[in-house]
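Trainee: just coords:
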């Protein structure tokens, strides 16, 4: 199986170092913070690579596949949910592969050279399919949190550039399609560019990449701070969020709509920053470092059974009716669909499922969902009886 490494200017962090060039060197020697989510994502990628190699290449046979899959599924981070999510990814790859008029070439976990645009740059694309004049780059995301868009996504653009360079001597590539598959939150998003437009974008970021590699440029806070290793202690981020205090001096007393929008944007980012700051301070206190005015303490302790089975046996032996110890609850719609599988669920229960309008919620203007309003349209106004 391939081993994923990271460059100083990694493709996965491209949005950050393009917008905040000096962050690349600032975080260069900061340790990575491992999480169960990241470990689960790494495992999902390994299982996906194994399956796709078996399906599309001759690099692994059935026995070796079964043995390797068994090892991966023995991981503490494995659950059947991974297989259900990956089934959608496999289906996407299969449909893309079959969409070509002639049998295309497919590469799994392809190492890409990004040095023509990014110093010492490289990356690994999950799946690349090329044939005729079309190149398709597919990236699997296991995340359940923030939807990742493909449109003008710097990571995908760099992968596409690397893949274009890799195959341009063999194929007359005119169109490049980039697709992100994030099945855990039903987010699959494709975006395309002409090969020439993609090359032009690559040229435009070369000086930015060189500045970032040299440690130059200006720090800048934004959405790209989310996964920065310096996000808790970065002074530029702190300065931007602390500037929100200035809204207390605004005149007249009521904020204008423009000020409300600006304050909401800063406020949401402020909450994220404070959460990062608390996480950092707790880790520092637990490590013995002093954070003036703060300390680590034990949180509220909740009672637990040492053995649920033994406790219930004791309760039943004391005369408690066993039925009184359990609640009967119907499974949720999503749980029934997982149990039955999407195809059988749609056939048997599809007619009993409906989707009511979602409760209105506030979202950023960059959100791809359609804006809604309670204000009647002109047509509705004119249609009202006098």
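Mentor: Yep, that arrived. None of these values were measured; they are calculated from a predicted model.

Trainee: Looks to me like residue 101 is in a strand.
Mentor: No. Read with DSSP: H, G, I helix; E, B strand; the rest coil, residue 101 is coil and lies in no strand.

Trainee: ok, it - contacts?
Mentor: Counting by C-beta atoms under 8 Å, 6 or more residues apart in numbering, residue 101 makes contact with 131, 132. C-beta: built from backbone N, CA, C; applies to glycine.

Trainee: Number the chain from 33, please
Mentor: Yes, from this point I'll number from 33; that puts the last item at residue 133.

Trainee: What values do phi and psi take at it?
Mentor: For residue 133, the backbone dihedrals (degrees, to the nearest 10) come out as phi -60, psi -40.

Trainee: Likewise for the one 10 residues further on?
Mentor: Here is the backbone geometry of residue 143 (degrees, to the nearest 10): phi -80, psi 130.

Trainee: what's the nearest residue to it if we skip its chain neighbours?
Mentor: Excluding the flanking residues, the one nearest residue 143 by C-beta to C-beta, 6 or more residues apart in numbering is residue 156, at 5.6 Å.

Trainee: Now do the SS call for the one you found.
Mentor: Quick answer, by three-state DSSP: residue 156 is strand.

Trainee: if I look at it, how far off is residue 92?
Mentor: 18 Å (C-beta to C-beta, to the nearest Å).

Trainee: who touches the helix or strand harbouring residue 212?
Mentor: Using DSSP states H and E, residue 212 maps to strand 207-214. With C-beta under 8 Å, 6+ apart as the test, strand 207-214 has contacts from 120-121, 124, 128, 165-175, 179-182, 185, 188-189, 191-192, 195-196, 219-227, 230.

Trainee: repeat for stretch 90-105
Mentor: With contact meaning C-beta under 8 Å, 6+ apart, stretch 90-105 is reached by 33, 75, 78, 79, 82, 83, 85, 86, 110.

Trainee: before we move on, the earlier item: now, the contacts of strand 207-214 that are in helices?
Mentor: Secondary structure from DSSP state H places 120, 121, 124, 128, 188, 189, 191, 192, 195, 196, 227, 230 of the contacts of strand 207-214 in helices.

Trainee: now for the residues you listed, which pair is the farthest apart?
Mentor: Farthest-apart pair in the ones in helices among the contacts of strand 207-214 is 120 and 227; separation 28.4 Å (C-beta to C-beta).

Trainee: residues contacting the spatially most central residue of the chain?
Mentor: Closest to where the C-alpha atoms of the chain average out (C-alpha atoms, centre = their mean) is residue 175, at 4.5 Å. Neighbour list for residue 175: 69, 73, 214, 216, 217 [criterion: C-beta under 8 Å, 6+ apart].

Trainee: Buried members of these into ChimeraX, please.
Mentor: Buried residues within the contacts of residue 175, by 16 or more other C-beta atoms under 10 Å, are selected in ChimeraX with:
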select :73,214,216
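
Trainee: Let's have the contacts of residue 175 in JSON lines, adding secondary structure and pLDDT.
Mentor: JSON lines is the format used below for the contacts of residue 175 (DSSP: H, G, I helix; E, B strand; the rest coil; pLDDT from 0 to 100):
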{"residue": "69", "secondary structure": "helix", "pLDDT": "83"}
{"residue": "73", "secondary structure": "helix", "pLDDT": "92"}
{"residue": "214", "secondary structure": "strand", "pLDDT": "93"}
{"residue": "216", "secondary structure": "helix", "pLDDT": "89"}
{"residue": "217", "secondary structure": "helix", "pLDDT": "85"}
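
Trainee: hang on, residue 300 in a helix?
Mentor: Yes. According to three-state DSSP, the state of residue 300 is that of a helix.

Trainee: okay, now it: neighbour count?
Mentor: 12 (other C-beta atoms under 10 Å).

Trainee: Run through this structure and note the low-pLDDT ranges.
Mentor: For the chain, applying pLDDT under 70 flags the ranges 33-38, 65-66, 275-287, 409-418.

Trainee: Would you map the strands across it?
Mentor: Secondary structure of the chain (DSSP state E): strands at 137-145, 154-163, 166-172, 207-214, 219-226.

Trainee: rewinding a little: just the buried subset of the contacts of strand 207-214, written out for ChimeraX, thanks.
Mentor: Remark: buried members of these, expressed as a ChimeraX selection using 16+ other C-beta under 10 Å:
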select :120,121,124,128,166,167,168,169,170,171,172,173,174,180,181,182,185,188,189,191,192,195,196,219,221,223,224,225,227,230
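
Trainee: so which of the contacts of stretch 90-105 comes closest to residue 392?
Mentor: Among these, residue 75 lies closest to residue 392 (C-beta to C-beta), at 37.5 Å.

Trainee: distance of the residue lying closest to that closest one once chain neighbours are set aside from residue 99?
Mentor: Using C-beta to C-beta, 6+ apart and skipping the chain neighbours, the partner closest in space to residue 75 is residue 109 (4.9 Å). Going from residue 109 to residue 99 by C-beta to C-beta gives 19 Å.

Trainee: Right, I'll call it a day here.
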